[in-house]
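Q: Let me see the structure of the following:
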Amino acid sequence: MDPIIATMRRGPLVESVHHGRAVVTDPDGRVVRRIGEVELPFYPRSAAKPFQAIAMQRLGMNLEAELLALAAASHHGEDFHIDGVRRILAAAELPETALQTPADLPHHGRPRDLWVHAHGPSPAPVLMNCSGKHAAMLLACVRAGLDVSTYRDPEHPLQQEVQAVIAEYSGQQPGDATVDGCGAPLWSISLTGLARGFGRWAATKEFAPAALAQAYRAYPQFVSGSDTDELRLHRAVRGLVTKGGAEGCLAIGLESGYGIAIKMDDGSARALMPIAVALLRDLDVTADQGALDQLASVPVLGHGEPVGEITAALD
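A: Residues are numbered from 1 along each chain as shown. Modelled structure (predicted):
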C-alpha cells in the first residue's frame, strides 16, 4: 500500500487520511524524490491533455493563445469557455454536431447553475468539460486533411501522434489503452513518466509546445475556470504549468525543467494542492508565498467555521 501523504484533522483528532504517491523529476528526467509506487502504470486522465494538444499542433492545429489553452483544458463551462469552443469549431468550419463529446451540463456548480437558469436543463456536447480538446482535435484533422468522423479511433493518425508525443515526453512507451470519460483514447504511463513529461514540456524551447505552455501561463482561466485552485497555482509560481486529472491526479512542470506528479489512491482531489505546495516549497521555487499559503491547507468546517484542516503529510 502507498503511504499516507495527507491528513484531515477535525478539532484535536485526525479524522481521515489519504494514501497516495508522488514523484519529483529533475531537468534530466531523473527521479529526485519518490513517495510510494511511482513506477506503476496508471491513467493520467485529463493531465494528458497538454500532450494531446502538442500532437494536434504537429498536425497543423494553430490557434490564438487563449484558444490554445482551451484546446488542453478541462473547462468549467463558463460563457467564455463555450464561446471559445465555438470559435475553434468555426476555424475548422464545422458545426457543433461534429463534436463527439457526451452531452453534458457545465462541469461545476456556479457555471452550471447559471446555464440552467438561462437555458434550462439542456445538456449539450459543447458544454462538456473536454469540448475544447475535441474541437481542437477536429481542427487538427481538418488542417491535416484527416477524417473527422473517426478522430476518436485509437488507430486514427491523430491518436497515433498522441501516443508518439506521450512516449517522447514521458520517456516510456504508453500502454494499457482504454477510453476516457469524454470518449477519447487514453493510455497508461507511470507517475514518473508524467512528471518527466511535464518538466520537459515546461522547459522546452521548441516553438509550438512552448507556445502552449505560455498559453497556460497567460490564460489559466481557460485551462480550468475563473475561480479554481489550478488557476491560483498558475499565478502563484512563476513559470509553472499545471493540469489536474480525474481520480485524484495532478501534474506540474517548472521552467527549470523539474516535474511533479501526484496520484491519490482513493481518487479524491481534495488534498492535491496541499501536497503540491509542500513539494514545490521543497524545490525552493520563486513564488508568491502568501498565495501558496492559501493553497497549503484546506479548511475543515464545523457550523460554517474552520475547526480543522487538510494538510500534506510527507516524509
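Q: Just to check, residue 140 is in contact with residue 59?
A: Yes. Look at residue 140 against residue 59 with CB atoms under 8 Å: they come within range, at 4.4 Å. C-beta coordinates here come from the backbone N, C-alpha and C atoms, glycine included.
Q: So those two - more neighbours on which side?
A: residue 140 (27 against 19; other CB atoms under 10 Å).
Q: Give me the buried positions along the host helix or strand of that one.
A: Residue 140 is part of helix 131-144 when elements are defined by DSSP states H and E. Within helix 131-144, the residues that count as buried by 16 or more other CB atoms under 10 Å are 131-143.
Q: Redo the residues you listed as CSV? Include distance to residue 91 and pLDDT.
A: Listed next are these as CSV, based on distance: CB to CB, whole Å; pLDDT from 0 to 100:
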residue, distance to residue 91, pLDDT
131, 14, 98
132, 12, 98
133, 15, 98
134, 14, 98
135, 9, 98
136, 9, 98
137, 13, 98
138, 10, 98
139, 6, 98
140, 11, 98
141, 12, 98
142, 8, 98
143, 9, 98
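Q: before we move on, back to that, hey, what's in contact with both of residue 140 and residue 59?
A: Counting by CB atoms under 8 Å, 6 or more residues apart in numbering, the contacts common to residue 140 and residue 59 are 146, 158.
Q: Student question: in the chain, what's the helix or strand with minimum average pLDDT?
A: Least confident helix or strand of the chain, by mean pLDDT, DSSP states H and E, is helix 109-119 with a mean of 83.
Q: buried set for that one?
A: 111, 112, 115.
Q: Of the buried residues of helix 131-144, just say which sits nearest to residue 206.
A: Nearest to residue 206, judged by CB to CB, of the buried residues of helix 131-144 is residue 140 at 17.2 Å.
Q: contacting residues for the closest one?
A: Taking CB under 8 Å, 6+ apart, one finds 55, 56, 57, 59, 60, 61, 146, 158 in contact with residue 140.
Q: picking that back up, output the contacting helices and strands for whatever helix or strand comes next after the helix holding residue 140.
A: Next in sequence after helix 131-144, counting helices and strands by DSSP H and E, comes helix 157-170. With contacts taken as 3 or more CB pairs under 8 Å, 6 or more residues apart in numbering; DSSP states H and E, helix 157-170 sits against helix 49-58, helix 131-144, strand 185-190, helix 191-203.
Q: Mind putting the ones you listed into JSON lines with distance to residue 74?
A: Shown next, in JSON lines, are these (distance: least, CB to CB, whole Å):
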{"stretch": "helix 49-58", "distance to residue 74": "7"}
{"stretch": "helix 131-144", "distance to residue 74": "8"}
{"stretch": "strand 185-190", "distance to residue 74": "14"}
{"stretch": "helix 191-203", "distance to residue 74": "15"}
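Q: Residue 215: which of these is closest?
A: helix 49-58 (9.2 Å).
Q: Can you pull out the low-pLDDT segments for the stretch 201-315 of the chain?
A: Within the stretch 201-315 of the chain, no range satisfies pLDDT under 70.
Q: Show me the helices in it, by range?
A: Assigned by DSSP state H, counting those that start in this stretch, the helices in the stretch 201-315 of the chain fall at 207-218, 220-223, 229-236, 272-282, 289-295.
Q: Just name the most buried of the ones you listed.
A: When these are scored by mean count of other CB atoms under 10 Å, the highest mean neighbour count falls to helix 220-223 (a mean of 25).
Q: isn't residue 296 right next to residue 280, touching?
A: No. At 9.7 Å, residue 296 does not count as touching residue 280 under the criterion of CB under 8 Å.
Q: and residue 265, how many residues sit next to it?
A: Neighbour tally, residue 265, other CB under 10 Å: 18.
Q: now swap in residue 45 and tell me
A: 20.
Q: Apart from its chain neighbours, what residue comes closest to it?
A: residue 245 (3.3 Å; CB to CB, 6 or more residues apart in numbering).
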